[in-house]
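Participant: Okay, predicted coordinates and the sequence, questions at the end:
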Amino acid sequence: GAKFGFINMKGPQLYPVLRRSLPEGRALMGYFKFSPMSSQFNLATYSSYELAFGGIYSWPLKNNHPVSVSVDLSRLHFDVREQQFTGDSNTISIGVAYGI
C-alpha cells in the first residue's frame, strides 16, 4: 500500500535566542529559528524548511519555583520534488510551564 511520511530529513539549524533579565527575577526571551531540511546533506537541495519565532515570559513564585508562558509561531514547508508534492503547515502553540 501507499506510505505517507518522511524519513532521513536533516539539515542545519539557525536558532538565535535573546534574553532580557527584568527586576524581581523575571525574564523575557525571544527567538527565531530557520531550519532547511533535505533527505541529502547538500546545501543546494534544501527546498523544504521550518521557519519559527516565539517568546517566553517567566517569573518566580513566592516559593522560588519559576513559571513561564510561551507563544510559538511556526511554518513548515515541504517540497518533495521526486514525488511532485508540496505542502505547508502553520502552527501556533501556547504553553505554560512550572519548574519544580
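Facilitator: Yep, it's here.
Participant: Alpha carbons only: can I get the helix or strand harbouring residue 56 in CSV?
Facilitator: Following DSSP states H and E, one finds residue 56 within strand 48-60. Extracted in CSV, the C-alpha atoms of strand 48-60 (Å, rounded to 0.1, in the frame of the first residue of the first chain):
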residue,chain,number,x,y,z
SER,A,48,11.9,22.3,2.5
TYR,A,49,12.3,24.3,5.7
GLU,A,50,10.9,25.2,9.0
LEU,A,51,10.6,28.9,10.0
ALA,A,52,9.6,29.9,13.5
PHE,A,53,9.7,32.6,16.1
GLY,A,54,8.4,32.9,19.6
GLY,A,55,8.6,34.4,23.0
ILE,A,56,8.7,33.4,26.6
TYR,A,57,8.0,35.4,29.8
SER,A,58,9.0,33.9,33.1
TRP,A,59,8.7,34.9,36.7
PRO,A,60,9.4,33.3,40.1
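Participant: For it, which outside residues touch it?
Facilitator: 9, 11, 24-38, 66-80, 93 (C-beta atoms under 8 Å, 6 or more residues apart in numbering). (C-beta placed from N, C-alpha, C; glycine too.)
Participant: following it, which helix or strand comes up?
Facilitator: strand 66-80.
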